[in-house]
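S.K.: only the shape, not the letters, is given here:
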């Protein structure tokens, strides 16, 4: 790649990395408050989201340092990391859209939040418990190990299984409350929900989908992945920056849920301050580039 990162963007990367490192350090301090504890499943979900976001920020920070030194092939790992966190961000916004509708005295909307949360957890379990016929017939398939996996899964996630159905070890996924097709939370489903829930022109989710789609091309080889590898490096950095900007909202959102389980007000407000600083740096950078 012949083009180079502009001097302005090189300076901005230093500011972004410095702020990311501060967010990561404080994030791991907060995460320790939930380690080794028996948590309600909902709290575990958002603690896991929070951990994934913090790990993404830490990894991206390390890669951007290389990227800023002219090692531009780090564009690839950065893209893959951001893609995963952008999808996490979208699913969080999706869950929040239902959480906002939990019935109150002033809101009698049908409660769908717990259902959508259950679907999110159930879909991967169903896939794990549904090995193909070819896999079952392979030499690597161990029936006793598979049965043990089923037992452990049912023990840990019993609320996702139908109590009235005995586990069929040949087809264990049939005992799940949410079956095939009913547990899928696909990108089109998320997009339709967010377009319906939020004003399309005012909300930021369309840009998140745009960025996610670009990074998906890096993840899946094809003509577009070849073309994107030749994109102007400053445009690439702009996409990275906007992604970090949106992901911080996902981090704060997961932290909002965790605050109900653990009191860490001082760290929470400091964390939000650092996230605002990161957003200000990125906003300033985008304004200077226009």
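M.R.: Received it, and whenever you're ready, just let me know what you need. All values reported here derive from a predicted model rather than from experimental measurement. Numbers count the residues shown, from 1 in each chain.

S.K.: can you find the helix or strand of this structure with the lowest average pLDDT?
M.R.: Ranked by mean pLDDT, DSSP states H and E, the weakest helix or strand in the chain is helix 223-228, scoring a mean of 68.

S.K.: that one: what's the following helix or strand?
M.R.: The first helix or strand that comes after helix 223-228 along the chain, using DSSP states H and E, is helix 233-258.

S.K.: and for this protein, the residue most distant from the center?
M.R.: In the chain, counting by Cα atoms, centre = their mean, residue 139 sits farthest out from the average C-alpha position, at 35.2 Å.

S.K.: from residue 48, how far out is the most centrally placed residue in the chain?
M.R.: The residue lying closest to the centre of the chain (Cα atoms, centre = their mean) is residue 88, at 1.7 Å. Distance of residue 88 to residue 48, given as Cβ to Cβ, to the nearest Å: 9 Å. All C-beta atoms are positioned from the backbone trio N, CA, C, and that covers glycine.

S.K.: same check on residue 16?
M.R.: 25 Å.

S.K.: ok, residue 173 next?
M.R.: Applying Cβ to Cβ to residue 173 and residue 48 gives a distance of 22 Å.

S.K.: comparing the two, which shows the higher neighbour count?
M.R.: Shown here are residue 173 and residue 48; by other Cβ atoms under 10 Å, residue 173 has more neighbours (20 against 14).

S.K.: I'd say the more buried one and residue 126 touch.
M.R.: Yes - Residue 173 lies in contact with residue 126 (Cβ atoms under 8 Å); the separation is 4.7 Å.

S.K.: what mean pLDDT does the helix or strand containing residue 51 get?
M.R.: Using DSSP H and E, residue 51 sits in helix 41-68. In this model, helix 41-68 carries a mean pLDDT of 94.

S.K.: give me the next element, helix or strand, following it.
M.R.: Moving toward the C-terminus from helix 41-68, the next helix or strand (DSSP H and E) is helix 75-99.

S.K.: now do the buried residues in that following helix.
M.R.: Across helix 75-99, burial judged by 16 or more other Cβ atoms under 10 Å covers 75-79, 81-99.

S.K.: and if you look at stretch 13-33?
M.R.: The neighbour-count check on stretch 13-33 (16+ other Cβ under 10 Å) flags 13, 15-17, 19-24, 26-27, 30 as buried.

S.K.: what about it, distance to the chain center?
M.R.: 17 Å (Cα atoms, centre = their mean, to the nearest Å).

S.K.: swap in stretch 162-171?
M.R.: A distance of 31 Å separates the centroid of the chain from that of stretch 162-171, by Cα atoms, centre = their mean.

S.K.: list the buried residues in it.
M.R.: Quick answer for stretch 162-171 (16+ other Cβ under 10 Å): residue 167.

S.K.: what residues does it touch?
M.R.: Applying Cβ atoms under 8 Å, 6 or more residues apart in numbering, the contact partners of stretch 162-171 are 130, 146, 147, 150, 154, 161, 174, 175, 176, 177.

S.K.: which of those count as buried?
M.R.: By neighbour count, with 16+ other Cβ under 10 Å, the contacts of stretch 162-171 hold 146, 150, 154, 161, 174, 175, 176, 177 as buried.

S.K.: residues contacting residue 29?
M.R.: Neighbours of residue 29 in contact, by Cβ under 8 Å, 6+ apart: residue 267.

S.K.: give me the subset of the contacts of stretch 162-171 lying in helices.
M.R.: Of these, the ones assigned to helices by DSSP state H are 146, 147, 150, 154.

S.K.: distance of the first one from residue 138?
M.R.: Think residue 146. Residue 146 sits 12 Å away from residue 138, going by Cβ to Cβ.

S.K.: with residue 237 instead?
M.R.: Residue 237 is 45 Å from residue 138, by Cβ to Cβ.

S.K.: for residue 157, same thing?
M.R.: Taken as Cβ to Cβ, the span from residue 157 to residue 138 is 26 Å.

S.K.: go on, residue 124?
M.R.: Taken as Cβ to Cβ, the span from residue 124 to residue 138 is 21 Å.

S.K.: could you do residue 91 as well?
M.R.: To residue 138, residue 91 is 33 Å away according to Cβ to Cβ.

S.K.: between residue 173 and residue 126, which contacts overlap?
M.R.: Shared contacts of residue 173 and residue 126, counting by Cβ under 8 Å, 6+ apart, come down to 179, 180.

S.K.: what does the pLDDT read for residue 265?
M.R.: In this prediction, residue 265 carries a pLDDT score of 89.
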